[in-house]
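Colleague: pasted the sequence and its predicted model underneath.
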Amino acid sequence: MDNPFTSALQALEQNFTGLFNGQNPSFAPQITELFGFNIPGVPLISPRDYFLTQMESWFTAIPMSTQWVIVIDNFPVALRSDILQGLEITDGGKKGWDISTSVAILKSFPLQRIIGCLFANSISIPAEQFNVDSASVPNNRGFLPGIIGSNRQVDPPTLTIEFRDTNTSFIDNLLRPWVILGSHFGMVSRPGDTPGKRDVRNMKCNMTLLQYARTLNSISMIPRKVWHFYNCMPYNIGEENYNYTDEVVNNITTRWTYSNYTIENGLYLPVQDLVNRISNGDIPRVTSFQNGIGSINPLGFL
């Protein structure tokens, strides 16, 4: 078999004494094809130095897990007092579920677009997996059974997001009515799932999660990874607990279902500048900001 391993073993056998000095003769295959350095001799590349050098590169640097924003791309049209009050039991004064003013404030541009949804505090992206089964046969004795792939496990696809409570209460004045309206109107495909006129009973939205990475000094962070979740709808609002002992920020867990998702990388400006610098031998180092945020829009493209 002609492969790098057999070639390397032949070189070891034929040039045993030379390898002890960390040198391969010119006619022998180089083990660098496999390992990046010659063994068992004097390494030509220090694994430690090479690892630290790669950690200083933008492409292999460890990202920050706290630098992210979530953007709710569109809100249901039915988040209005008259529609919700027509479906739920209210008093004669129509003060119950009077949400229109609060909803207008909570979904406004300053609270939803500049740095994404201002109220989102944490997010859990679901795992991705499919089931694996054994193709067993009767009396297979000591033979291992065959392995077959089974269904993709998405039962149901759920995105978990924690929102912090504030005076206007994004949870109770917008998300809770959204769940109630969703239970009335269901998840039937309606106009607005695709571009066009949006049906008032359409409870779905698209959500975008942007994960940021640092670039260079005085340059804004850029999205290194962008998740798009399609046809999302909240279906569960967690319990709210209050007491007289501790004064803490109240974070409420919500669960959202979705139809599908995609992931995009962030390999665009100013990463292209980094690529050009690396190709010229100038390896940029990952450093903290010194002069504040640059002029690039924090959301990159919104």
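Modeller: Received it, and whenever you're ready, just let me know what you need.
Colleague: mind naming the longest strand for the protein?
Modeller: Assignment by DSSP state E gives strand 222-237 as the longest strand of the chain.
Colleague: which residues does the helix or strand just after that strand contact?
Modeller: Following strand 222-237 in sequence order, the next helix or strand is strand 251-257 (DSSP states H and E). With Cβ atoms under 8 Å, 6 or more residues apart in numbering as the test, strand 251-257 has contacts from 121-122, 156-165, 171, 175, 187, 207, 229, 232-238, 240. Quick note: C-beta positions are derived from backbone N, CA and C, even for glycine.
Colleague: how much space separates Lys197 from Asp73?
Modeller: Computed with Cβ to Cβ, to the nearest Å, the distance linking Lys197 and Asp73 is 17 Å.
Colleague: those two: which has the busier surroundings?
Modeller: Asp73 (14 against 7; other Cβ atoms under 10 Å).
Colleague: make sure that one is actually in contact with Leu209.
Modeller: No: the criterion here is Cβ atoms under 8 Å, and Asp73 misses it with Leu209 at 11.2 Å.
Colleague: overlap in contacts of the two?
Modeller: Counting by Cβ under 8 Å, 6+ apart, nothing touches both Asp73 and Leu209.
Colleague: if we can go back for a sec, between the longest strand of the chain and strand 251-257, how many degrees?
Modeller: With axes from the mean of the first three to the mean of the last three Cα atoms, to 10 degrees applied, the angle from strand 222-237 to strand 251-257 works out at 90 degrees.
Colleague: give the buried residues for strand 222-237.
Modeller: By neighbour count on 16 or more other Cβ atoms under 10 Å, the buried set for strand 222-237 is Ile222, Pro223, Arg224, Val226, Trp227, Phe229, Asn231, Cys232, Met233, Pro234, Tyr235, Ile237.
Colleague: and for stretch 106-116?
Modeller: Residues Leu106, Lys107, Leu111, Gln112, Arg113, Gly116 are the ones in stretch 106-116 that count as buried (16+ other Cβ under 10 Å).
Colleague: just the strands from the stretch 51-200 of the chain, written as ranges.
Modeller: 68-72, 120-124, 130-135, 146-152, 158-164 (DSSP state E, counting those that start in this stretch).
Colleague: can I get the third one as PDB, trimmed to CA atoms?
Modeller: Put plainly, it is strand 130-135. Output in PDB follows, covering the C-alpha atoms of strand 130-135 (Å, rounded to 0.1, in the frame of the first residue of the first chain):
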ATOM      1  CA  PHE A 130     -30.100  11.900  14.400                       C
ATOM      2  CA  ASN A 131     -30.900   8.500  15.900                       C
ATOM      3  CA  VAL A 132     -28.700   5.400  15.300                       C
ATOM      4  CA  ASP A 133     -30.100   1.900  15.400                       C
ATOM      5  CA  SER A 134     -28.800  -1.600  15.200                       C
ATOM      6  CA  ALA A 135     -29.700  -3.900  12.400                       C
END
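Colleague: just want the angle from it to strand 146-152.
Modeller: Between strand 130-135 and strand 146-152, the angle comes out at 150 degrees (the same axes, to 10 degrees).
Colleague: what does the last one give?
Modeller: Angle between the axes of strand 158-164 and strand 146-152 is 50 degrees (criterion: the same axes, to 10 degrees).
Colleague: by how many degrees do strand 158-164 and strand 68-72 diverge?
Modeller: Using the same axes, to 10 degrees: strand 158-164 against strand 68-72 is 100 degrees.
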